[in-house]
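1. Let's see this in three dimensions:
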Amino acid sequence: MFDPVRWPAEAWIPLVAGIAWNVAAVSAGLPWGVPALLPGVFLLASGAGMLLYPGDRRLSHFTALGGVLGVLLAVPALGFVGPSAVLLAIASAASFVAAGHHALRLDAHPEGVPEPAVTARLASEVGLDEAVLGTMVFTQIFPSAADHARIEREVDAAREQFAAAGWLEKPEAYHESPHDPGSGDVRTRRVRGFDYEHLSFPSEYAPRDGEPGRERWQGYAANRTAHAWLVRGDPDRPWLVCLHGYRMGHPIIDLSAFDPRWLHQRLGLNLLIPVLPLHGPRKIGRRSGDGFLSGDLLDTIHAEAQAMWDIRRLLAWVRARSDAPIGLYGLSLGGYTAALLASLDGGLACAIAGVPAADFARAFFRHGGPWQERVALHAGLTQAVMTDVLTVVSPLALAPKVPRAHRAIFGGVADRLVPPDQVRDLWRHWEEPRIEWYPGSHLSFAMHRGVRTLVEATLRGAGLAA
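-> So this is what the prediction gives:
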C-alpha cells in the first residue's frame, strides 16, 4: 500500500482522542491530570503532525505509543473521569489502529515481496511495531555533533586500515578464530517455573592493536564477560543456538522468545542462547543494548565481531562435549548475527534467519530521523561510507557455508522495524532458499502458523528433530 495524501482521514482519530485526553486531564486537576496528559500530548501532536507534515514516518510511531498509553491509563482514569474513561479507551485503541494504517501508507511496497491485504488486523500488528519504534525514538540518546566528528575520524581511519589489510575484499579474514573453547561458571537458575543454566566465562576478545575505537571498547568492563542461557538434557541430543534480538539479555524474555516447551520438550533439542555483547549482564548503559546500534559505528563493528568470537567459543564448548549436530536460529538482530555466523562456521547443520536485519547503514538512515541524518551527512557519514566500513561484519558480504537446502528465512510483509526489503536482500544473497512471508509485522511473527511450520520443517530436514 502506497497512498500518500495531504489530509489523511486517519489523522483525525488521534487528533480528537488527544483533545479528549487533554480535556480530561485539565478537568481532573492535580495529581491525576498529569499522567492523563501523556496520551493526550502524544495523540494530539502526532495527529496534528500527520495533517501538517505529511510523510514523516515518526508521527505514526508516536500515535501508536500514545494509543498504548491511553488504553493502559484508561483503567485508573475510571477513578477521576468516571464512565468517560471507556470512551477514552476506545478512542485510544482506534488511534493505535489508525497509526498502523497510516504507517502502511507511507512506503512503496518493495519489489519481490508479496503485497499484503490491508485489514484492521494487519494495521493492529503494524501498530505494535510503531509503538516500539516510538519508545525507541523517544528514549534513544543519539551521538552529538561532536561525537559525529569523532565517529567520522574513526570511520575514515578504519576504512583505510581495513582496505590496506584486504578485509573489505575478504571480510572473513577480519574475524580471528578463537584459540580455545569457552569454559567457566555454570549455575542453575529458574524462571517462571522453568529450569535453565547460566553459563559465564571471560570473553578474551579484543580488537586488534591500532584498530580505531579499541581502547574505548576495552573499557566496557561488564562486556568482557560472556554469558549464555542453557536448556539441556541428554548432551547427545542435537543442539540449537538461539540468537535473540536488540534489547535481549533477560532470561525471562529470551527463553520466552524461543519457547523451551516447544523446542526443548517437544522437539528434544538442547538450547544454547548466547547473550549478545552490550546486552543483559554485559550492558554499559541504562538499558540492555545501549551502544550497539546508537550510531557509534566502530562500537557496532566490534559488537558483531565479539559476538562471532564468543559464539564460536561456545560452539567449541558444545563440540567438546558432544558430537550431536548443531543448528542456528536467530531473530531480528539475532537473525543478522546468525546470518553472519553461518558464513564463518562450516559445521552448522542448518541456519534459520527470522525477521533478519541485513544492512545496518540502511537501517540507520531509515530510523535515525531527519536531525540525526543531517548531522551524520554534515560529518561526511554517508550511507555509502557506512556500508563500506561495515562490510567486515555484513552477512551480505560473505558467502554462507551452511548448505542451501538447510537455510531458511521468514519475514513480515508489513515489518516496520526491519523493512522487508532487507529480508528480501538476504534471501537473494542466500540463493533464494525456502522463505515464509507471513502477513504481519516484526513483532507478530509468533501469531502466524506458517513461521512455526517453516522452523520445524527446517530442523527436521537437517536431522535435528524427528
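2. from memory Thr337 sits against Leu243, does it?
-> Yes: because the distance of 5.0 Å satisfies CB atoms under 8 Å, Thr337 is recorded as touching Leu243. All C-beta spots, glycine's among them, are computed from the backbone N, C-alpha and C.
3. Glu154 - that's part of a helix, no?
-> Yes: remark: Glu154 belongs to a helix, assigned using DSSP: H, G, I helix; E, B strand; the rest coil.
4. if I pick it, what's in contact with it?
-> Shown here is Glu154, whose contacts under the criterion CB atoms under 8 Å, 6 or more residues apart in numbering are 212-213, 297-298.
5. Ok, Thr188 next?
-> Applying CB under 8 Å, 6+ apart to Thr188 gives the contacts 195-198.
6. So which of those residues is the closest to Pro419?
-> Looking at the contacts of Thr188 and their distance to Pro419, the nearest is Tyr196, at 33.5 Å (CB to CB).
7. follow-up on the earlier one: among Thr337 and Leu243, which residue is more densely surrounded?
-> Neighbours around Thr337 and Leu243, counted as other CB atoms under 10 Å, are more numerous at Leu243. The numbers are 32 against 29.
8. Tell me the bridge partners for that one.
-> With DSSP bridges applied, Leu243 shows beta-bridge pairing to Gly330.
9. Put the buried members of the contacts of Glu154 into a PyMOL selection.
-> Buried residues among the contacts of Glu154 (16 or more other CB atoms under 10 Å), as a PyMOL selection:
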select buried, resi 212+213+297+298
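10. so of the contacts of Glu154, which ones are in helices?
-> Among the contacts of Glu154, DSSP state H puts 297-298 in helices.
11. Tell me the one of the contacts of Glu154 nearest Pro439?
-> Taking CB to CB as the measure, Pro439 sits nearest to Leu297 out of the contacts of Glu154, at 34.6 Å.
12. Provide a list of residues in contact with the closest one.
-> Leu297 sits next to 151, 154-155, 158, 381, 386, 389-390 when contact means CB under 8 Å, 6+ apart.
13. Tabulate the residues you listed (TSV), appending distance to Pro400 and pLDDT.
-> Written out in TSV, the entries for those read as follows (distance: CB to CB, whole Å; pLDDT from 0 to 100):
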residue	distance to Pro400	pLDDT
Ile151	30	90
Glu154	29	95
Val155	27	94
Ala158	25	97
Leu381	29	80
Met386	23	92
Val389	22	97
Leu390	18	97
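14. what is in contact with Thr337 and Leu243 at once?
-> Shared contacts of Thr337 and Leu243, defined by CB under 8 Å, 6+ apart, are found at 276, 311, 330.
15. By neighbours, which of these wins?
-> Highest count within the shared contacts of Thr337 and Leu243 by other CB under 10 Å belongs to Leu276, 28 neighbours.
16. Would you give the sheet partners of the longest strand seen in the chain, along with the direction of each?
-> Of all the elements of type strand in the chain, the one with the most residues (DSSP state E) is strand 194-202. Strand pairing for strand 194-202, using DSSP bridges, gives strand 185-191 (antiparallel), strand 225-231 (antiparallel).
17. Quick check: buried residues in it?
-> 194, 196, 198-201.
18. same thing with stretch 135-148?
-> Going by neighbour count (16+ other CB under 10 Å), the buried part of stretch 135-148 is 136-137, 140, 142-143, 148.
19. now, which of the residues you listed sits nearest Arg58?
-> For Arg58, the closest of the buried residues of stretch 135-148 turns out to be Val137, at 6.0 Å, with distances computed as CB to CB.
20. May I have the secondary structure class of that closest one?
-> Strictly by three-state DSSP, Val137 counts as helix.
21. my guess is Val318 is in a strand, correct?
-> No: counting by three-state DSSP, Val318 is not found in a strand; it is helix.
22. all numbers from here: first residue = 21
-> All set: I'll call the first residue 21, so the last point we hit is now Val338.
23. Am I right that it is in contact with Pro345?
-> No: shown here, Val338 and Pro345 do not form a contact pair, counting by CB under 8 Å, at 10.4 Å.
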